[in-house]
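Trainee: Make a model of this:
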Amino acid sequence: MRQLGFLMLGALAVNACSDSTDPLPTSVPSPTNLTYELEPSGDPLMPAGVLLRWDPVDASDIDAYNVYSRQSASGQFELRATTTSTTFHDVGEPDLEYNVTAVFLDAVESQASNTVFIDERLRLDRPATLGSVSLNGAVHLTWSDNSFLQEPNGFKQYRVYSTSYDLDQDLCGTLWDSEGTTVSPDFLVTALTNGIPRCYAVAAESIEGFESLWSDSRADTPRPDARNVLLFPRSVDIDRSGFRFFLDANGDGLAGPLELGVVANGNRTDLDFSIFVDAFGDVFMEPVRAGTEVALFGSDPVVDLTSIDWAPEVGYDPTPIQAVPGFGYVFQMDDGSGFLSFGAVRMTHVGTDFVILDWSFQTDPGNPELLRGSL
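Mentor: Next up is the predicted model:
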């Protein structure tokens, strides 16, 4: 059973506000069940405050409650606040110990409640791993659940943070925002702009509000995708045999507003690839425009489009490649801007009369991240 860090004072508990040497009255009731919950700040070593709660004293002549604290185990308890509530929010870095007394209308003060000890040893381990899946306008984060498994009865939730990311410098920003909380070891970040990378980190929070150290940071870049796109070989339907991952309004690369996943006439010379069937009945994807090359992603079929993670560094070729159901392909495109662009394709159906494919495209030039990295 998890210990909540309470230190019970005996019947001779110190009444911190009294200068009198007279014994404290034993007939008046004291507050009971004092507990605390820290307020996380994002800095695990510097909570934003502490919230104290206790059970009310059942007496008609109670006037208020006095809250006492001390900064060290050897220090003296000092009056922190007087309140008529059964809660107290102490802003800033909390003291080490707190207790509460009841004050009655005749100015009699009760003995102290139990004392709560702000025990940093209750802090959970940080999440050991953090992975991500890039989505269209979103990022799906997943991490190891070791913080919960360490102390299931003491675990409260995970806290998710994000900041900007400099791809060229491989550096996360310094101003972190809270994305939200979850009790599961995963989190979906939505309403993101495709092509804008961000850094993410996760911390575990205990039921007392202790925040763990953060996980290692993870950079991810959302990108557009689509499922079940229908194309035809040039010999079947020339008007729907070509494909372009992105096409801007000005026709000059990434300079203008983007039109994504364009199905077009296979005779166009500005396509990324077109579909044709050879004399043996095999179906091929043929790179078209200058600077476009294709590589097979791995030597085995991929389970899903999300299995295609980072664009390969080598293996690209401008010659046609056979389209095989279940296999993944990565296109590398050089539009003359000085940066390469990358798109992914997974073939879900291949026939001599039509093909069905899933695709994704990274709108951040030079970024090889197509879908996800592994844990």
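
Trainee: Show the low-confidence segments of the stretch 1-150 of the chain, by residue range.
Mentor: 1-26 (pLDDT under 70).

Trainee: before we move on, what about the stretch 151-300 of the chain?
Mentor: Low-confidence segments of the stretch 151-300 of the chain (pLDDT under 70): 249-258.

Trainee: Can you tell me the centre-most residue of the protein?
Mentor: Within the chain, one residue has its C-alpha closest to the average C-alpha position: by CA atoms, centre = their mean, that is Val160, at 4.4 Å.

Trainee: List the single closest residue to it in space, sequence neighbours excluded.
Mentor: Nearest residue to Val160 in three dimensions, chain neighbours excluded: Glu179, at 4.2 Å (CB to CB, 6 or more residues apart in numbering). To be clear about C-beta, it is placed using only N, CA and C from the backbone, and glycine gets the same treatment.

Trainee: That neighbour contacts Phe187, doesn't it?
Mentor: Yes. Between Glu179 and Phe187 there is a contact at 6.9 Å, judged by CB atoms under 8 Å.

Trainee: so what sits against both of these two?
Mentor: Overlap of the contact sets of Glu179 and Phe187 (by CB atoms under 8 Å, 6 or more residues apart in numbering) consists of Val160.

Trainee: show me the contacts for Asp270.
Mentor: Residues touching Asp270, when contacts are defined by CB under 8 Å, 6+ apart, comprise Arg244, Leu247, Gly251, Val288, Arg289.

Trainee: please redo it, this time with the cut-off set to 7 Å
Mentor: In this structure, Asp270 makes contact with Arg244, Arg289, judged by CB atoms under 7 Å, 6 or more residues apart in numbering.

Trainee: helix, strand or coil for it?
Mentor: Three-state assignment for Asp270 (DSSP: H, G, I helix; E, B strand; the rest coil): coil.

Trainee: same thing with Ser72?
Mentor: Look at Ser72: counting by three-state DSSP, its state is coil.

Trainee: who touches it in this structure?
Mentor: Leu96.

Trainee: Could you number the chain from 179 rather than 1 from now on?
Mentor: Fine by me, first position is 179 from now on; the one you just mentioned is Ser250.

Trainee: any idea how far it lies from Glu437?
Mentor: Relative to Glu437, Ser250 is positioned 66 Å away (CB to CB, to the nearest Å).

Trainee: Shouldn't the residue nearest to the centre of the chain be within a strand?
Mentor: Yes. Secondary structure assignment places Val338 in a strand (three-state DSSP).

Trainee: isn't it right up against Ala381?
Mentor: No. Contact between Val338 and Ala381 fails when scored by CB atoms under 7 Å: they sit 8.4 Å apart.

Trainee: residue ranges of the strands in the stretch 329-478 of the chain, please?
Mentor: 333-344, 349-350, 355-360, 364-367, 376-384, 396-398, 403-409, 420-426, 436-442, 451-455, 461-465, 470-475 (DSSP state E, counting those that start in this stretch).

Trainee: just the angle between the last one and strand 461-465, please?
Mentor: Read that as strand 470-475. Relative orientation of strand 470-475 and strand 461-465, computed by axes from the mean of the first three to the mean of the last three CA atoms, to 10 degrees: 130 degrees.

Trainee: packing partners for the helix or strand following strand 470-475?
Mentor: Sequence order places strand 499-500 as the next helix or strand after strand 470-475, per DSSP states H and E. For strand 499-500, the elements it packs on are strand 461-465, judged by 3 or more CB pairs under 7 Å, 6 or more residues apart in numbering; DSSP states H and E.

Trainee: what lines up beside the strand it packs on in the sheet?
Mentor: Here the strand partners of strand 461-465, with direction, are listed using DSSP bridges: strand 451-455 (antiparallel), strand 499-500 (antiparallel).

Trainee: How far away from the center of its chain is it?
Mentor: Taking CA atoms, centre = their mean, to the nearest Å, the mean C-alpha location of strand 461-465 is offset from the chain mean by 38 Å.

Trainee: Might you report the residue contacts of the closest residue to Asp394 other than its chain neighbours?
Mentor: Closest residue in space to Asp394, ignoring its immediate chain neighbours: Leu308 at 6.0 Å, by CB to CB, 6+ apart. Residues counted as contacts of Leu308 (CB under 7 Å, 6+ apart) are Leu319, Trp321, Tyr378, Val380, Ser393, Asp394, Arg396.

Trainee: Quick check: the farthest pair among these?
Mentor: Based on CB to CB, the longest span within those runs between Leu319 and Asp394 and measures 12.4 Å.

Trainee: From Trp488, how far off is the residue nearest to Asp394?
Mentor: Taken as CB to CB, the span from Leu308 to Trp488 is 16 Å.

Trainee: check contacts around the residue nearest to Glu471 when sequence neighbours are not counted.
Mentor: Residue nearest to Glu471 in three dimensions, not counting chain neighbours: Tyr494, with 3.7 Å by CB to CB, 6+ apart. Tyr494 sits next to Glu471, Val472, Ala473, Gln510 when contact means CB under 7 Å, 6+ apart.

Trainee: Count the neighbours of the second one for me.
Mentor: The reference is to Val472. The local packing of Val472 (other CB atoms under 10 Å) involves 24 other residues.
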